[in-house]
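Enquirer: sequence unknown, structure follows:
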């Protein structure tokens with residue numbers, strides 16, 4: 001885990017920017033895999049571990065957007 005991520009929290013927007021995906025795609029992954037904590041029935045908070053899980057899922061199931 002990157003040192004800068006260790007004690008941080010993230011939003012879906014942060015993860016979308018990090019993985020060059022739409023916020024809708026990140027939300028789909030979070031809902032399907034039960035990742036993150038939903039607060040106020042609107043905002044999903046992600047831990048550094050959650051972001052890593054999302055990255056792994058994208059790496060395994062997603063396509064490379066650069067090609």
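Expert: Received, thanks. Just so it is clear, the model here is predicted, and its values are computed rather than measured.
Enquirer: all strands for the protein, in order.
Expert: With DSSP state E as the criterion, the chain has strands at 9-11, 37-39, 43-47.
Enquirer: now the ones you listed in a markdown table, with mean neighbour count, distance to residue 22 and mean pLDDT?
Expert: Every residue, glycine included, has its C-beta placed from N, CA and C. Below are those laid out as a markdown table (neighbours: other Cβ atoms under 10 Å; distance: least, Cβ to Cβ, whole Å; pLDDT from 0 to 100):
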| stretch | mean neighbour count | distance to residue 22 | mean pLDDT |
| --- | --- | --- | --- |
| strand 9-11 | 16 | 14 | 95 |
| strand 37-39 | 11 | 18 | 94 |
| strand 43-47 | 17 | 14 | 96 |
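Enquirer: so where's this structure uncertain?
Expert: The chain contains residues with pLDDT under 70 at 1-7, 62-67.
Enquirer: out of the strands of the chain, which is closest to residue 29?
Expert: Residue 29 sits nearest to strand 43-47 of all the strands of the chain, at 10.5 Å, using Cβ to Cβ.
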